[in-house]
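1. Mind looking at a prediction? Sequence and model below.
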Amino acid sequence: MVMMPKRVKFRKSQKGRVRGNATRGNYVAFGDYGLQTLEAGRISAEVLEAGRVVASQAVKGGGKLYIRVFPHKSVTSIPAETRMGKGKGEIEYWAAVVKPGTVIFEIAGLSEDAARAAFSRVAYKMPVRCRFIGRRPTI
Amino acid sequence: MAEIATISVLPRDPQKNQGTGSRVARKLRAQGRVPAIVYGHKQDPLPISLSRDDAWLLLKKAGHLANLQIGDVNETVLIRDLQWDHLGKEILHFDFSRVSADERIDTVVKLATFGHAPGLAAGGILELLMHELRINCRAGAIPDEVRVDISHLALNQGIHVRELVLPDGVTARDDADKLVLHVTSRTTSAVTPSAEGAATSAEPELIGKKEKEEKDKEKEK
């Protein structure tokens, strides 16, 4: 099931720009290992779902998967060969806006090797460069 | 208890704006040094810097305490806070708090499990809800980790903070009723901690749309 918000105040949103780095949601908070973005961009709900399917195959043996982002932003488009004007296009898909440092997925209950293997398959599907990270040291 | 690392640090240049500020910090980082501050014990805060290698050494030794050699002065400090860059690759800043070995302090320690839970053999998975525990103890006796025995856990059983076996002189600061870990049955569904859940319909509901329609209907009547 592709994710999208249940209720919104406005259906269509402006394009916006992704500036700066992630200052929150940029560390592993729930699981043991995570997949962190190194670039800014949009991750569509379909791609998130594809990543979830791949990662959940890895955690079937025992473990837990956390999705740390949610597709809040609606992206619209107008059909091809349409004349200018006539208003904003219809919603094409929903996307999660990510900044460099955002943790997209987390896994708990797996060994590091298994988590690394799972996330390498997930990262292949992502439209932004990603890296594998662990928990920060406790001080 | 972890080994206490001794590192030599440099006080920042007092001629230039007391050696503080983002520009000074940026310059220090470019030179391979990590800006830090030492405060506490009702003394003036002292801006310092330490080498990047020493900063990583402090973390790798996993101790909470450190001995700082600031010129001729030797101070025992607690690592109070740590700032990372957005990717968590680089250390940006340390906060050190002056402590004495007998002083009681609040800090955070790792939780580690040991033993084989019967619930895991029965098809459950171990879910850690807390990875760290806030404790109060003597500065000289901070445990490396708090070990949690899970060898008695059956399926759908858990351990609360109040049930943890803590070393002598250590008290938990977290809520006693907080669940530390539990053994649950396997589910393959993913959890979205930040999300309000997926919508079931093809399009999300518009907030305030119903009220507007009702108002319009009333006007028509």
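-> Cool, the structure landed. All figures in this text were calculated on a predicted structure; none of them were measured in a lab.
2. centre of the chain versus the top helix by length along chain B, how much separation?
-> Longest helix in chain B, counting residues (DSSP state H): helix B:209-220. Distance of helix B:209-220 from its chain centroid, counting by Cα atoms, centre = their mean, to the nearest Å, is 51 Å.
3. Just list the residues touching residue 98, thanks.
-> With no chain named, the answer covers chain A. A:18, A:22, A:37, A:40, A:41, A:42, A:43, A:69, A:104, A:128 (Cβ atoms under 8 Å, 6 or more residues apart in numbering or on different chains). Backbone N, C-alpha and C define where each C-beta goes, glycine included.
4. Correction: the question concerned chain B.
-> B:38, B:39, B:40, B:41, B:43, B:75, B:76, B:77, B:78.
5. Flag every buried residue along the lengthiest strand in chain A.
-> Scanning chain A for the strand with the most residues, using DSSP state E, yields strand A:90-98. For strand A:90-98, a neighbour-count test (16 or more other Cβ atoms under 10 Å in any protein chain shown) marks A:91, A:93, A:94, A:95, A:96, A:97, A:98 as buried.
6. now these in CSV, with pLDDT?
-> Listed next are the buried residues of strand A:90-98 as CSV, based on pLDDT from 0 to 100:
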residue, pLDDT
A:91, 95
A:93, 96
A:94, 96
A:95, 97
A:96, 97
A:97, 97
A:98, 97
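7. Wait, residue A:101 touches residue B:84, no?
-> No. Assessed by Cβ atoms under 8 Å, residue A:101 is found out of contact with residue B:84, at 9.5 Å.
8. quick one: which of the two has more around it?
-> Shown here are residue A:101 and residue B:84; by other Cβ atoms under 10 Å in any protein chain shown, residue A:101 has more neighbours (24 against 15).
9. Would you confirm that the more buried one belongs to a strand?
-> No. With DSSP: H, G, I helix; E, B strand; the rest coil as the criterion, residue A:101 is located in coil rather than a strand.
10. Can you tell me which of the contacts of residue B:98 comes closest to chain A?
-> Among the contacts of residue B:98, residue B:78 lies closest to chain A (Cβ to the nearest Cβ), at 9.0 Å.
11. picking up where we left off before, and the next helix or strand past the longest strand of chain A?
-> Counting by DSSP states H and E, the next helix or strand C-terminal to strand A:90-98 is strand A:103-108.
12. how far off strand A:103-108 does whatever helix or strand comes next after that next one point, in degrees?
-> Next helix or strand after strand A:103-108 toward the C-terminus (DSSP H and E): helix A:112-125. Helix A:112-125 and strand A:103-108 are oriented at 150 degrees to each other (axes from the mean of the first three to the mean of the last three Cα atoms, to 10 degrees).
13. any idea which helix or strand carries residue B:87?
-> Here residue B:87 is assigned to no helix or strand, by DSSP H and E.
14. My error: substitute residue B:177 in the last question.
-> Using DSSP H and E, no helix or strand contains residue B:177.
15. neighbours of it, just the number please.
-> 8.
16. ok, and the closest non-adjacent residue to it?
-> In space, not counting the residues next to it along the chain, residue B:177 is nearest to residue B:160; the distance is 6.0 Å by Cβ to Cβ, 6 or more residues apart in numbering or on different chains.
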